[in-house]
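*Asks:* sharing a model that was predicted from the sequence below.
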Amino acid sequence: MASCWRKERPLKRVGWSAALIVSCVVFGGCSGTLAYTPPNAPAPTGSTLLLAKRPDEVWQWVVSTAHRVGFIVERLDNAGGVIELSYRGNPEPYVDCGRVVSQVSNLRGKRTYRFPAAASFVEYEFMTGQEIVVIDRSMQLESQVSVRIAARGPNETHVWTRARYLLKRILVVRDTEGRSRTTTQAVQFDSGQSAAFAGAVTCVATGRLEQAALPVFLSR
């Protein structure tokens, strides 16, 4: 059987449809379709909290407890009332990249793969139009969360969070002849924004990362 070696096929949006369907012609007994459903709109920018505590109490508490909820303290600006936190890991809890459904069919039968496009790792099959390839697809989130602390009274503190997202996607594609090719892509966006990888896969901030930083102040 003839083979065609290429990277993951770019998706294209079709009109105003909420889902995208890319169909591949039957070739050598193989067929397949790929469906992509875009994410919802981004969440509002940042998160805020008003605490009945002095700013120095809030400051001391976040520095000593941030690691308990998965954050690393990167920078402290006491004079400016800013704490920089970072998170590295699975993007799925904090970003929405829509959903993917890949279906392939050959002499082995029909296989269907359904997964969130923000999943940290998934292996699936994809029909290029001439052959079925196997794709190892991984996603990683590297983020910076800025926490601003300001006094609003003798015993009242306002806390405001905003995040910057860096999403990395790695595709390892293996063809029917055992060859493989790796492609690495990255997109960046801030709270309340979105960005698209090559093709039509769009990722948006859900606001949960900014909210996840707030329990640091509530867990005392």
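*Replies:* Alright, I've got the coordinates.

*Asks:* tell me, which strand in the chain spans the most residues?
*Replies:* Using DSSP state E, we find that the single longest strand of the chain is strand 132-153.

*Asks:* quick one: contacts for the residue in the chain sticking out farthest from the centre?
*Replies:* Relative to the centre of the chain, the most outlying C-alpha is that of residue 154, 40.0 Å out, by CA atoms, centre = their mean. For residue 154, the contact set (CB atoms under 8 Å, 6 or more residues apart in numbering) comprises residue 54. For every residue, glycine as well, the C-beta is placed using N, CA and C.

*Asks:* and the gap between it and residue 125?
*Replies:* Taking CB to CB, to the nearest Å as the measure, residue 154 falls 63 Å from residue 125.

*Asks:* same check, this time on residue 170
*Replies:* Going from residue 170 to residue 125 by CB to CB gives 18 Å.

*Asks:* which parts of the protein are strands?
*Replies:* Using DSSP E, the strands of the chain run over residues 20-27, 30-37, 47-51, 72-77, 82-89, 95-96, 99-106, 109-116, 121-127, 132-153, 156-174, 180-190, 194-196, 202-205.

*Asks:* including mean pLDDT, could these go into CSV?
*Replies:* Shown next, in CSV, are the strands of the chain (pLDDT from 0 to 100):
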stretch, mean pLDDT
strand 20-27, 38
strand 30-37, 92
strand 47-51, 80
strand 72-77, 91
strand 82-89, 94
strand 95-96, 96
strand 99-106, 95
strand 109-116, 96
strand 121-127, 96
strand 132-153, 93
strand 156-174, 93
strand 180-190, 96
strand 194-196, 94
strand 202-205, 94
